[in-house]
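J.: how does the following fold in three dimensions:
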Amino acid sequence: MLDTDYHAALTRARMPRALEVYSAWFTLIARTPKGLWGWGACYNGELGFQSSGFVDPTRLTFPACPKVAELEASLPPWEKHRMVTDLSMERWQTFILTPVGIVAGADSTWYVGPVEEENRHLFHTVAVPAGFVPDHIMQDLYDTVILSMGDRQVISGDNRYGRLGLGHENEMTGFEELPFRVDRIIPDFSFNVFLSDRQLLFAGEVPRPIAQSGLLSGYSEGDKCLTATPLRFRERVKGFFCDYDLIWVTEGQTHMYSRDKHYSVPFEATIFGGRWVSGSWAFSITGQWFEVTGVADGVAEMVECEAPTLHYEIIPVDVDPWPEQ
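T.: Below you'll find the model as predicted:
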């Protein structure tokens, strides 16, 4: 970790050699033959302890996870890396998968259940259904976490507005079985869109562009969609993006809903961004950028432009059209 405001040279980290390094923002964890070592930001318990500032490489321990601590102690001195089968970090949330269970750090009550206030910064064992031994972790920026065991999946996290799609908006204290498959999470603060095989499922508070688009039948802006519900597209969808703006890509076109505006772009965009000077949107295909200068009969009029400073990927998907009734 190098802060160029204060350091002019790199310094060798005092720790065992790293086999793998995981990172999220300013926190890093290395899997080494002598166990897990972490450094960087640890304000929220990302590393299983709490610090008021950046920390130098430190051996991670598991005082609140006796089975994990026992497993690590049983391994030979230079084979401690075998205690970790997967590790996932997102923002300030850390998940470590081991042969004897999964542990979470950083105020993890959504995943582990009630924790004493003085121990909130420690790693804790995650609460999963009996017999569930996860082999994969899926995590997003807004605290949704999905654990997989083959084809079986469980979910937990921030469930405000019912954004986990479980049919309720109860606060989570452990993982629940997922009644649908998730291949990818497309998250926002108040909702999730789940890529499920060849469907996109919506759950949470309905934003304006989703309501205006008519893709979520029977729901208006601000409604809560508690059960994951398919978005109904008329054509096969090749790309998708949704936050306060909604974009989807079909054969030869890109459809945009933004601030009460709706238009199509006459090509299959892969990236989009805002032009701050003009206040318009720009779309890219094969590295070329085109700015929207007007709309005629629902189709954007465009001119070539420079790439915007901020731009976002339109997520590739392959979603079937909704069958006509």
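J.: the strands in the stretch 201-325 of the chain, which residues?
T.: Listed in chain order, the strands found in the stretch 201-325 of the chain under DSSP state E, counting those that start in this stretch are 224-230, 237-242, 246-250, 253-258, 261-265, 271-275, 280-285, 288-296, 299-305, 311-313, 315-319.
J.: of the ones you listed, which is nearest residue 192?
T.: Proximity of the strands of the stretch 201-325 of the chain to residue 192 was assessed by CB to CB; the nearest stretch is strand 224-230, lying at 8.2 Å. All C-beta spots, glycine's among them, are computed from the backbone N, C-alpha and C.
J.: pull that closest one out as PDB, backbone CA atoms only.
T.: The C-alpha coordinates for strand 224-230 follow below in PDB (Å, rounded to 0.1, in the frame of the first residue of the first chain):
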ATOM      1  CA  LYS A 224     -42.000  -2.700  -3.300                       C
ATOM      2  CA  CYS A 225     -41.600  -5.800  -5.400                       C
ATOM      3  CA  LEU A 226     -40.800  -8.300  -2.600                       C
ATOM      4  CA  THR A 227     -40.700 -11.500  -4.800                       C
ATOM      5  CA  ALA A 228     -38.200 -11.700  -7.600                       C
ATOM      6  CA  THR A 229     -40.200 -11.000 -10.700                       C
ATOM      7  CA  PRO A 230     -39.200 -11.400 -14.400                       C
END
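J.: tell me which residues of that strand are tucked away?
T.: Of the residues in strand 224-230, 224, 225, 226, 228, 229, 230 count as buried by neighbour count, 16 or more other CB atoms under 10 Å.
J.: would you check that the third one makes contact with residue 168?
T.: Going back to what we said before, that points to residue 226. Yes: between residue 226 and residue 168 there is a contact at 6.1 Å, judged by CB atoms under 8 Å.
J.: what residues are shared contacts of the two?
T.: Shared contacts of residue 226 and residue 168, defined by CB atoms under 8 Å, 6 or more residues apart in numbering, comprise residue 162.
J.: between the buried residues of strand 224-230, which is closest to residue 144?
T.: Residue 144 has its nearest neighbour among those in residue 228, at 12.0 Å by CB to CB.
J.: domain map for this structure?
T.: Here the chain is described, according to automatic domain parsing, as comprising the domains 1-127, 234-325.
J.: worst mean pLDDT among those?
T.: Of all the domains of the chain, the minimum mean pLDDT falls on domain 1-127 (a mean of 85).
J.: for residue 163, which of the strands of the stretch 201-325 of the chain is the nearest?
T.: Across these, the minimum distance to residue 163, taken as CB to CB, is reached by strand 224-230, at 8.9 Å.
J.: what are the contacting residues of that closest one?
T.: In this structure, residues lying in contact with strand 224-230 by CB under 8 Å, 6+ apart are 161-162, 165-169, 179-180, 191, 194, 196, 199-206, 216, 219, 322.
J.: now do stretch 237-252
T.: When contacts are taken as CB under 8 Å, 6+ apart, the neighbours of stretch 237-252 outside the stretch itself are 186, 188, 193, 200, 207-210, 213, 233, 235-236, 254-259, 266-270, 272, 312-319, 321.
J.: buried subset of those residues?
T.: Neighbour-count burial (16+ other CB under 10 Å) applied to those gives 186, 188, 193, 200, 207-210, 213, 233, 254-258, 267-270, 272, 314-315, 317, 319.
J.: surely residue 119 meets residue 65?
T.: No: Residue 119 sits out of contact with residue 65 when judged by CB under 8 Å, with a separation of 11.3 Å.
J.: looking at these two, which is more packed in?
T.: More neighbours surround residue 65 than the other of residue 119 and residue 65, with 25 against 12 (other CB atoms under 10 Å).
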